[in-house]
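Engineer: One predicted model, sequence on top.
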Amino acid sequence: MQYFRSQLFLAVACAVLCVAEGGAQEPGLLLTVSGAASTLRGFFYTPAVGGQYWQIASTPRSSIGPLAEVPGNRHLLVLNSYGTGGSTVTFSVFEVDTRVYHDGVLTVPAPVNFAAWSFAVDQEGEVILEGNEGLPLQAAMYRLRGGTFERILSGAGGTLVDLDTGDYIGGNATNLLRIRPWGSVTTIAPVPVGAVGLAQDPETGEFLVWHSTSGPRPSVLLKVSAQGTVTTTTTTGHYPSAMVVDETPTALGEYVFNTGYIACVERGDRMGGPVRTILCLPPYSGENRTWLMDLVLDRVKNVSTATAGVRNRWHHFVDFPSDAGYPYVVLVGVSGIRPGIRLTDARKIRLNPDPITWAVLTGAQPGFSGMTGTLDARGTARGLIDLSSLGPATRGIPFWMVGMVLDPGPPVSIRRVSPPVVVQIR
């Protein structure tokens, strides 16, 4: 064990000091599509460069809604009662490995007339929903905890987890808002926020908001800094409703977004300029259009957390499906994710190493287990983070984690680097 730990330490030291390099990770895109024709609805897969696609699962419903990755990296949660008011909210589950869709596996009582529009899964593994409620309708934000809805905020909503703080980011018809998990709110900028399409650029921390008037297109992508500075960049002639930032080496941080009822996927450069279409599904003729509802990068939630039943105690999950049997390490830091460490093959380790990093790596920091080891036959591992002894004065303080798969060589190199994960002390 001591020899194994020393090898991991040397590999990470090389990443920080020697800039080791290894293989690149190029995930494709998973798409959800609504439509009247069974051959044009359900789940689709396309390579990152687009060009071709495969239907990997059909659904009995003609309409399926937004989706989110759940802890563990192997399942997607799908919101089925998208935009539908009533007394319940319904979710389905898609197994990424087996390509099996489980329809309507979770139906939970909801506030009367609550229509969910978007959702996210946070560090606790809990569902955070944004939608409209009441008569007259107004925006609202809820947390789904133990099968029960808890209202976080009325009059606005948000479903993006801020990578720099762990706060929720959302808004209303007039402002982009920062929403702390306990409900306090501050205005970031006077930018109207729609129901879907909000994203964040890990390179800059800027929030990405598509703005479209109710009249003719185009839609304009607004970049909003944490301090509230707003700049305009990419435009498209369509109405995007979902977007991801592709950080793989060949993409170099391109923005990838859908075009809603046009059922296309487009890419745009981080610096702006014209967008390019990489994929279009055939539109369904007649009144029932094919609607490309949501998209995510395939299985890049390589490090994730979920509550262990006590405040500030979490299970953490490591998942690299292509790397069974390889050693892994999870780096932990409290000094942010920028500038991080740039590798020679254009990848970035989005973590600033600090004394906590080395203390966790060497086992000197209590409260962290399972941060080093060997991936099992499925490419997975798990551990526990227990900071439950921390008092209320630490509430709101974030820390970050990045997972790496190592090739022990020689020479020692880094096979895989995960996106960063933020965990906020509650």
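Structural biologist: Structure received.

Engineer: how about the helices of the stretch 301-426 of the chain, start to end?
Structural biologist: Counting by DSSP state H, counting those that start in this stretch, the stretch 301-426 of the chain has helices at residues 355-362.

Engineer: ugh, wrong one, the chain
Structural biologist: Along the chain, counting by DSSP state H, helices occupy 2-17, 355-362.

Engineer: between these, which gets the lowest average pLDDT?
Structural biologist: Of all the helices of the chain, helix 2-17 carries the lowest average pLDDT, namely a mean of 49.

Engineer: Poorly predicted segments of the stretch 101-250 of the chain, please.
Structural biologist: 195-196, 213-217 (pLDDT under 70).

Engineer: again with the stretch 251-400 of the chain
Structural biologist: In the stretch 251-400 of the chain, residues with pLDDT under 70: 284-288.

Engineer: ranges for the strands of it?
Structural biologist: Using DSSP state E, counting those that start in this stretch, the strands assigned to the stretch 251-400 of the chain run over residues 254-258, 264-268, 276-280, 291-297, 303-307, 313-319, 327-333, 341-342, 348-349, 368-369, 372-374, 380-386, 398-407.

Engineer: so which of the ones you listed gets nearest Leu135?
Structural biologist: Closest approach to Leu135 among these (Cβ to Cβ): strand 291-297, 26.7 Å. In this view, the C-beta of every residue, glycine as well, is placed from N, C-alpha and C.

Engineer: wait, what's in contact with the nearest residue to Ala116 once chain neighbours are set aside?
Structural biologist: Closest residue in space to Ala116, ignoring its immediate chain neighbours: Gly131 at 4.1 Å, by Cβ to Cβ, 6 or more residues apart in numbering. By Cβ atoms under 8 Å, 6 or more residues apart in numbering, the contact list for Gly131 reads 83, 114-118, 139-140, 142, 157, 195.

Engineer: For Gly131, which residues count as its bridge partners?
Structural biologist: Bridge pairing for Gly131 (DSSP bridges) gives the partners Ala116, Ala140.

Engineer: and what of Phe91?
Structural biologist: Going by DSSP bridges, Phe91 forms beta bridges with Leu79, Leu106.

Engineer: which residues are in contact with stretch 69-80?
Structural biologist: By Cβ under 8 Å, 6+ apart, stretch 69-80 touches 30, 32, 61, 63-68, 89-97, 103-104, 116, 118-119, 121, 125, 127, 129, 296, 299-302, 304-306, 315, 317, 319, 321, 380.

Engineer: my bad, should have said stretch 119-126
Structural biologist: By Cβ under 8 Å, 6+ apart, the list of residues contacting stretch 119-126 from outside reads 66, 68-71, 77, 79, 127-130, 143-145, 159-161, 166, 168, 181, 305-307, 314, 421-424.

Engineer: ditto for stretch 88-107
Structural biologist: So stretch 88-107 is contacted by 30, 42-43, 56-61, 64, 67, 73-81, 108-110, 114, 116, 127, 129, 144, 298-299, 321 (Cβ under 8 Å, 6+ apart).

Engineer: Stretch 349-367 now?
Structural biologist: Defining contact as Cβ under 8 Å, 6+ apart, one finds that stretch 349-367 is touched by 5, 8-9, 12, 15-16, 202, 329, 331-341, 343, 368, 371-372, 385-387, 399-402, 404, 417, 419-420.

Engineer: what about 7 Å?
Structural biologist: Residues from elsewhere that reach stretch 349-367 (Cβ atoms under 7 Å, 6 or more residues apart in numbering): 9, 12, 15-16, 202, 329, 331-337, 340-341, 368, 371, 385-387, 400, 402, 417, 419-420.

Engineer: got the strands of the stretch 251-400 of the chain as a markdown table, with distance to Val245 and mean neighbour count columns?
Structural biologist: Formatted as a markdown table, those follow (distance: least, Cβ to Cβ, whole Å; neighbours: other Cβ atoms under 10 Å):
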| stretch | distance to Val245 | mean neighbour count |
| --- | --- | --- |
| strand 254-258 | 6 | 25 |
| strand 264-268 | 10 | 22 |
| strand 276-280 | 15 | 16 |
| strand 291-297 | 9 | 24 |
| strand 303-307 | 17 | 21 |
| strand 313-319 | 20 | 22 |
| strand 327-333 | 21 | 24 |
| strand 341-342 | 17 | 15 |
| strand 348-349 | 12 | 22 |
| strand 368-369 | 28 | 18 |
| strand 372-374 | 29 | 18 |
| strand 380-386 | 25 | 18 |
| strand 398-407 | 16 | 23 |
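
Engineer: Relative to His211, which of the ones you listed is closest?
Structural biologist: strand 254-258 (13.2 Å).

Engineer: tell me which strands and helices the closest one is in contact with?
Structural biologist: Applying 3 or more Cβ pairs under 7 Å, 6 or more residues apart in numbering; DSSP states H and E, one finds that strand 254-258 contacts strand 243-246, strand 264-268.

Engineer: Could you list the residues in contact with it?
Structural biologist: When contacts are defined by Cβ under 7 Å, 6+ apart, strand 254-258 is touched by residues 29, 208, 234, 240-246, 265-270, 292, 295.

Engineer: re earlier: would you show me how to pick out the buried ones of the contacts of stretch 119-126 in PyMOL?
Structural biologist: Written as a PyMOL command, the selection of buried residues from the contacts of stretch 119-126, which uses 16 or more other Cβ atoms under 10 Å, is:
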select buried, resi 66+68+69+70+71+77+79+127+128+129+130+143+144+159+160+161+166+168+181+305+306+307+314+421+422+423+424
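
Engineer: Among the contacts of stretch 119-126, which are located in strands?
Structural biologist: 68-69, 77, 79, 127-130, 143-145, 159-161, 168, 305-307, 314, 421-424 (DSSP state E).
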